[in-house]
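Peer 1: compute the structure for the input listed below.
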Amino acid sequence: MGEKHIQKLISEGEHQMLDFKFEISDCKKIARSLVAFANTDGGRLLVGVKDNGVISGIRSDEEKHMIETSAQMYCKPAVKYTAKEWNINGKIVLEVIIPKSQSIKHKAPDHNNIYKVYIRVKDENIIANNILVKVWNREKDKNNVNITFSKEEKLLLQCLNEHKNLSFEEFLGMSQLKRKIAEDILVNFILIGLVKINMTEKTISFSYSDLA
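Peer 2: Numbers count the residues shown, from 1 in each chain. Have a look, this model is predicted:
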């Protein structure tokens, strides 16, 4: 039963809710994976599985301790998870299951040890930009969004008409607005459903929503 379960997961390949780890050797790197799953849709880590799906098995119990250290010490706030061990032909695969966090966003250290919010997009962990963070922080306060279609707000609509898919830096350059003002305008239009966020493994961009 265990072998069928693991082989089924491996057959899916890495995706937004599944990641393979040959080994655990960097607590901060694993912390980024844990928070990315928790901040997005939840997911699983299969430790002891190579990127190509070959089962190698975990090397020692130390890897289990490193996951615990990653979750408790390098995730802010700590990420909850459950772990199961599966013996596949004498090799131990560790299945780490991370549920989606419902009300909080977690941070982990980037390569410069600065704590950032990570999200999972397809099979990559990426840093959430300020727009996403502001949208999350204000989602419970949508009723207080004030749109007046000011000159600055009309600039965003003009930019979206000219460029169907617009990055924040492009909007900033085209509008010549101060960064905070540009961020707040985008956030307001996202909150009322006129603008949507488009995410790939490499970029975060904005366009008119399907309801616009």
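Peer 1: and the least confident helix or strand in the chain by mean pLDDT, what's buried?
Peer 2: The weakest-scoring helix or strand in the chain, judged by mean pLDDT, DSSP states H and E, is helix 130-138 (a mean of 91). Judged by neighbour count using 16 or more other Cβ atoms under 10 Å, the buried positions of helix 130-138 are 131, 132, 133, 134, 135, 138. Quick note: C-beta positions are derived from backbone N, CA and C, even for glycine.
Peer 1: next one: stretch 22-29
Peer 2: The neighbour-count check on stretch 22-29 (16+ other Cβ under 10 Å) flags 22, 24, 27, 28, 29 as buried.
Peer 1: any chance of the residues you listed in JSON lines with distance to residue 54 and secondary structure as columns?
Peer 2: As requested, the buried residues of stretch 22-29 are arranged in JSON lines below (distance: Cβ to Cβ, whole Å; DSSP: H, G, I helix; E, B strand; the rest coil):
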{"residue": "22", "distance to residue 54": "9", "secondary structure": "coil"}
{"residue": "24", "distance to residue 54": "17", "secondary structure": "coil"}
{"residue": "27", "distance to residue 54": "24", "secondary structure": "helix"}
{"residue": "28", "distance to residue 54": "26", "secondary structure": "helix"}
{"residue": "29", "distance to residue 54": "21", "secondary structure": "helix"}
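Peer 1: list the contacts of residue 33.
Peer 2: Contact partners of residue 33, counting by Cβ atoms under 8 Å, 6 or more residues apart in numbering, are 19, 21, 45, 125.
Peer 1: recalculate using a threshold of 7 Å.
Peer 2: Shown in contact with residue 33 (Cβ atoms under 7 Å, 6 or more residues apart in numbering): 19, 45, 125.
Peer 1: between the residues you listed, which has the most around it?
Peer 2: Among those, the one with the most neighbours (other Cβ atoms under 10 Å) is residue 19, at 24 neighbours.
Peer 1: any figure for the gap between residue 205 and residue 15?
Peer 2: Counting by Cβ to Cβ, to the nearest Å, the separation of residue 205 from residue 15 is 21 Å.
Peer 1: so which helix or strand takes in the most centrally placed residue in the chain?
Peer 2: Geometric centre of the chain, nearest residue: residue 119, 0.8 Å, by Cα atoms, centre = their mean. Secondary-structure assignment from DSSP states H and E places residue 119 in strand 115-121.
Peer 1: excluding its backbone neighbours, what's nearest residue 131?
Peer 2: Using Cβ to Cβ, 6 or more residues apart in numbering and skipping the chain neighbours, the partner closest in space to residue 131 is residue 186 (5.5 Å).
Peer 1: what's the following helix or strand after the one helix or strand that neighbour maps to?
Peer 2: Here residue 186, judged by DSSP H and E, is contained in helix 179-191. The helix or strand immediately downstream of helix 179-191 is strand 195-199, counting by DSSP H and E.
Peer 1: sweet, I'm off.
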